[in-house]
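1. no sequence for this one, just the structure:
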């Protein structure tokens, strides 16, 4: 599991290669990733947007931005946790992702970014590399 804390908000990611949804002979590799967001701060926060940077094994980069995650813009009170699962395909047997969540302090309206740690997407196909 990959984990990083920004301003008392901890984001942990567990990537899982999905063999049953992948077609290695056709250059189609699929991963799920489970994200856990913990509010360790003293104030409620809301996740407003996401920004992902996805890099395949050949170094090609795709950026994905949008409101919330999995159709939600969750509010996390102090001590609360939000968990969701999403996924991504790649044309290569490995790659990595990193990103940020745009957050808002509920009480003051202040916005800030929370770092999503870089995490490796590795399949059992092809050579493995450390990202």
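-> Right, received. Where do you want to start? As the structure is a prediction and not an experimental result, all values here were calculated from the model. Numbers count the residues shown, from 1 in each chain.

2. Is residue 124 in a helix, a strand, or coil?
-> Secondary structure assignment for residue 124 (DSSP: H, G, I helix; E, B strand; the rest coil): coil.

3. Can you tell me how far it is from residue 10?
-> According to Cβ to Cβ, to the nearest Å, residue 124 stands 30 Å off from residue 10. Where you see a C-beta, it was placed from the backbone N, CA and C, and this is true even at glycine.

4. Settle it for me: which of those two has more neighbours?
-> Here residue 124 and residue 10 are set side by side on neighbour count (other Cβ atoms under 10 Å), and the busier one is residue 10, at 17 against 10.

5. That one should be in a strand, yeah?
-> Yes - with three-state DSSP as the criterion, residue 10 is located in a strand.

6. my read: it touches residue 4, true?
-> Yes - using Cβ atoms under 8 Å, residue 10 is in contact with residue 4, at 7.2 Å.

7. Overlap in contacts, these two.
-> Residues within reach of residue 10 and of residue 4 at once, by Cβ atoms under 8 Å, 6 or more residues apart in numbering: there are none.

8. and residue 50, how far is that from residue 38?
-> On the measure of Cβ to Cβ, residue 50 and residue 38 end up 17 Å apart.

9. What helix or strand is residue 82 located in?
-> Counting by DSSP states H and E, the element that carries residue 82 is strand 81-90.

10. Do a quick rundown of the strands in this structure.
-> Using DSSP state E, the strands of the chain run over 2-6, 9-17, 29-39, 45-56, 61-67, 75-76, 81-90, 94-105, 111-122.
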